[in-house]
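>>> The following block contains a protein sequence and its predicted model.
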Amino acid sequence: MGLDQGALKDALAVCGRLGISGKGRSRDRRPTLDELDALLSLFEKKNQHRPASVPMHPVVGFALFSTRRQEEITRITWEGLDVAHRRVLISDMKHPGDKIGNDVWCDLPYEALKIVMAMPRYKDQVFPYHSDTISAAFTRACRLLEIKDLRFHDLRHEGVSRLFEIGLSIPQVTAVSRLSVFRVFRRTEAVW
């Protein structure tokens with residue numbers, strides 16, 4: 001299909017000025033310890049009263065310690081867990097160019113590995129839940145607890161920030177999060 005490159009460039013510029021396209025706004029929302037405590041307590045109580053519901057307390061804990069996205073968490077398999085080397089294979093990891101077949105080994109902090117090892121082993125996946133269910137449960141809990149402007153994805157950013165705060169280097173944080181070194185470096189500036 002023949003496209004006029006000049007017209008395409010002009011259209012992209014206009015869309016950017018109108019706010020239709022472009023980069024998303026950067027977020028710097030970090031959950032407080034009180035918010036995390038309230039969320040984890042609520043999820044634990046809910047799971048005690050409804051054992052068949054998604055156990056959100058280990059999901060949230062794993063998201064914090066592993067810095068994984070919710071979709072990645074739901075795709076982790078027992079087969080992709082390497083306990084000896086404290087790492088996990090993330091299949092189809094989000095990447096600007098390659099979404100399918102982008103399988104990457106990521107280091108697991110000790111706390112994240114402990115959470116995985118405590119999960120029941122009755123399915124192929126470590127966290128056999130739907131991503132939308134996790135998102136909806138997290139949003140409902142925040143609304144119930146009146147926690148404003150907190151998203152599940154903020155746990156990933158919180159986890160990366162905490163890794164720097166405990167003294168890990170840029171290469172060590174990159175091995176866990178698999179953020180690009182440039183993005184990890186920007187996070188260090190935000191922390192310090």
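Happy to help now that I have it.
>>> Backbone dihedrals for Leu168, please?
Taking degrees, to the nearest 10, you get phi -70, psi 150 for the backbone angles of Leu168.
>>> Report pLDDT for it.
Listed pLDDT for Leu168 reads 91.
>>> same check, this time on Asp107
Predicted confidence (pLDDT) for Asp107: 94.
>>> ok, the most centrally placed residue in the chain - contacts?
Centroid-nearest residue in the chain: Arg69, 2.5 Å away (criterion: CA atoms, centre = their mean). Applying CB atoms under 8 Å, 6 or more residues apart in numbering to Arg69 gives the contacts 94, 153, 156. For the C-beta atoms, the positions are set from N, CA and C on the backbone; glycine is no exception.
>>> Mind checking which of those residues are buried?
Arg156 (16 or more other CB atoms under 10 Å).
>>> In a markdown table: the contacts of Arg69, plus secondary structure and distance to Ile147.
Converted to a markdown table, the contacts of Arg69 look like this (DSSP: H, G, I helix; E, B strand; the rest coil; distance: CB to CB, whole Å):
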| residue | secondary structure | distance to Ile147 |
| --- | --- | --- |
| Lys94 | coil | 25 |
| His153 | coil | 14 |
| Arg156 | helix | 17 |
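>>> elements contacting the helix ranked longest in the chain?
What stands out as the longest helix in the chain, according to DSSP state H, is helix 33-49. For helix 33-49, the packing partners by 3 or more CB pairs under 8 Å, 6 or more residues apart in numbering; DSSP states H and E come out as helix 56-66, helix 131-144.
>>> Low-confidence ranges, the chain, go.
1-3, 8, 15, 19-26, 95-101, 180-192 (pLDDT under 70).
>>> switch to 90 and redo it
1-29, 52-53, 91-104, 122-123, 169-171, 174, 177-192 (pLDDT under 90).
>>> ok, now which ones touch the nearest residue to Phe62 once chain neighbours are set aside?
For Phe62, ignoring the flanking residues on the chain, the nearest one in space by CB to CB, 6 or more residues apart in numbering is Ile115 at 4.7 Å. Ile115 makes contact with 58, 61-62, 65 under the criterion CB under 8 Å, 6+ apart.
>>> between the helix or strand where Ile115 lies and helix 56-66, what angle do the directions make?
Following DSSP states H and E, one finds Ile115 within helix 110-118. Angle of helix 110-118 versus helix 56-66, following axes from the mean of the first three to the mean of the last three CA atoms, to 10 degrees, is 140 degrees.
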